[in-house]
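> Build the 3D model from these lines:
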Amino acid sequence: MAEFKDLFQSADWKVEKHAPVIIAPDTVKAGEFFQVTVNIGEEIAHPNKTEHHIRWINVYFKAEDDSAPYEIGKFDFNAHGESAKGPDTSSVYTHPECAFRFRTGRSGTIHASSYCNIHGLWQSSRYITVA
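Numbers count the residues shown, from 1 in each chain. Sure thing, here's the model as predicted:
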């Protein structure tokens, strides 16, 4: 039986449309807020239709020497063109991207995971140095 951690896929986001892309500075100042954006389909657009879409992105931060990560945010995307008239009949579509600010006093890794309703769970990470 596969463990939950084994269900996550990862790939270079430049060639894989499902991998979360974490956009953040390489170095930040201790205690100062900085901007982070996470999206799906940075280089290759991911479909956003009723039958194939990204449902959510979750973001965590694990500081060096901490035993567990901090949950930064959960971002749900619930409009994929569906309506009472059927699939892809609405004019309302969300785009799988989130932006937020946070601060930390320690270097560590931002982890992002996402869920595609057809292709499952994906993950990526980005190291941040605190100066």
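> Tell me where the chain has helices.
Assigned by DSSP state H, the chain shows no helices.
> Ignoring the adjacent residues along the chain, who's closest to residue 9?
Excluding the flanking residues, the one nearest residue 9 by Cβ to Cβ, 6 or more residues apart in numbering is residue 122, at 5.3 Å. For every residue, glycine as well, the C-beta is placed using N, CA and C.
> And the pLDDT at that neighbour?
For residue 122, the pLDDT comes out at 96.
> Go ahead and confirm it touches residue 8.
Yes: using Cβ atoms under 8 Å, residue 122 is in contact with residue 8, at 6.7 Å.
> List the residues that are in contact with both of those two.
Listed contacts common to residue 122 and residue 8 are residue 113; contacts here mean Cβ atoms under 8 Å, 6 or more residues apart in numbering.
> Report how many residues lie close to residue 21.
Residue 21 is flanked by 18 other residues according to other Cβ atoms under 10 Å.
> Now for it: which residues touch it?
Shown in contact with residue 21 (Cβ under 8 Å, 6+ apart): 13, 38-40, 42, 124.
> and those residues, which of them are in strands?
When DSSP state E is applied, those are split such that 38-40, 124 fall in strands.
> quick revisit: flag the least confident of the contacts of residue 21.
In terms of pLDDT, the lowest of those is residue 13, showing 81.
> now the closest residue to residue 92 other than its chain neighbours: how far from residue 118?
Spatial nearest neighbour of residue 92, excluding adjacent residues (Cβ to Cβ, 6+ apart): residue 79 at 4.4 Å. Between residue 79 and residue 118 the computed distance is 18 Å (Cβ to Cβ, to the nearest Å).
> I'd guessed residue 15 sits against residue 42; true?
No: with contact defined as Cβ under 8 Å, residue 15 does not count as touching residue 42 (11.0 Å).
> Neighbour count for these two, which is higher?
Looking at residue 15 and residue 42 with other Cβ under 10 Å, you find the greater number of neighbours at residue 42, namely 18 against 9.
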